[in-house]
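A.B. asks: whatever this is, show me its structure:
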Amino acid sequence: MADNDKIARVRGQLKSWVDNLPKWSTFPERYVRDYHAHLKALGEAGLDVSDFAISSDHARRIVASSNYITGEVHYADDLHVDRSTLLSRAGGLVSYLDEKLSPAAKFDARAYGGVTITGGNVTFGDGSNISITTVTVSDLLRALEAHVEKAVEDPEKRSTALTKVSDFLKHPALTTVLQTALPELLKYLPH
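C.D. replies: Next comes the predicted model:
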């Protein structure tokens, strides 16, 4: 079983490490070793994060200096890894850890099932319904929040679900999609 406390601590250290990386285009191998130390600690905490490792194939020699007249080239002593490689792996790992540690991941989304849309009505699993033929996007979203309030008995799960609904509803892409798609959908529903 995973040690969530240790995972959270390593996640905090990793996030701080990523946030404080220099703005270089490449990083010496020692940075990869530091990153892999975080992976090792997460493995010891019970997580398989091997997908986020950076293989030695990504390390390369970089030019430290060159003379264009003589053609002489000097390389840095350390192998280097591209910034994009390091940040994409580390950023992906932080996102993965956020998901693993998220309270929302601990409740069963099927508890909110049973929603059907027929004949211009949205019917929720508890039998309550709203007409979507004359409702605005904000009415629909308030109804969804009200449904979660009624349907989820556990206060912690209800709070988590409402927070997720609120975060989801604040996303600008959702508002745009709903404002565009809802009128189109209403055209096909009987009035």
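A.B. asks: CA only for contacts and neighbour counts going forward, please
C.D. replies: Will do.
A.B. asks: so which residues of this structure form helices?
C.D. replies: Per DSSP state H, the chain carries helices over the ranges 4-19, 29-44, 83-101, 137-151, 155-170, 172-187.
A.B. asks: now those in JSON lines, with mean pLDDT?
C.D. replies: Formatted as JSON lines, those follow (pLDDT from 0 to 100):
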{"stretch": "helix 4-19", "mean pLDDT": "92"}
{"stretch": "helix 29-44", "mean pLDDT": "95"}
{"stretch": "helix 83-101", "mean pLDDT": "91"}
{"stretch": "helix 137-151", "mean pLDDT": "70"}
{"stretch": "helix 155-170", "mean pLDDT": "74"}
{"stretch": "helix 172-187", "mean pLDDT": "60"}
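A.B. asks: out of those helices, which gets nearest to Ala64?
C.D. replies: helix 29-44 (15.1 Å; C-alpha to C-alpha).
A.B. asks: quick one: that closest one to helix 4-19, angle?
C.D. replies: 160 degrees (axes from the mean of the first three to the mean of the last three C-alpha atoms, to 10 degrees).
A.B. asks: for helix 29-44, list the C-alpha coordinates in CSV.
C.D. replies: This file holds the C-alpha atoms of helix 29-44, laid out as CSV (Å, rounded to 0.1, in the frame of the first residue of the first chain):
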residue,chain,number,x,y,z
GLU,A,29,23.4,15.0,-15.7
ARG,A,30,23.5,15.8,-12.0
TYR,A,31,20.0,17.3,-12.3
VAL,A,32,18.7,14.0,-13.8
ARG,A,33,20.3,12.2,-10.8
ASP,A,34,18.5,14.6,-8.4
TYR,A,35,15.2,14.0,-10.3
HIS,A,36,15.8,10.2,-10.2
ALA,A,37,16.3,10.5,-6.4
HIS,A,38,12.7,11.8,-6.2
LEU,A,39,11.5,8.8,-8.3
LYS,A,40,13.4,6.4,-6.0
ALA,A,41,11.7,8.0,-3.0
LEU,A,42,8.3,7.6,-4.6
GLY,A,43,9.1,4.0,-5.4
GLU,A,44,10.0,3.4,-1.8
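A.B. asks: now do the end-to-end distance for stretch 37-52.
C.D. replies: 12 Å (C-alpha to C-alpha, to the nearest Å).
A.B. asks: okay then, goodbye and thanks.
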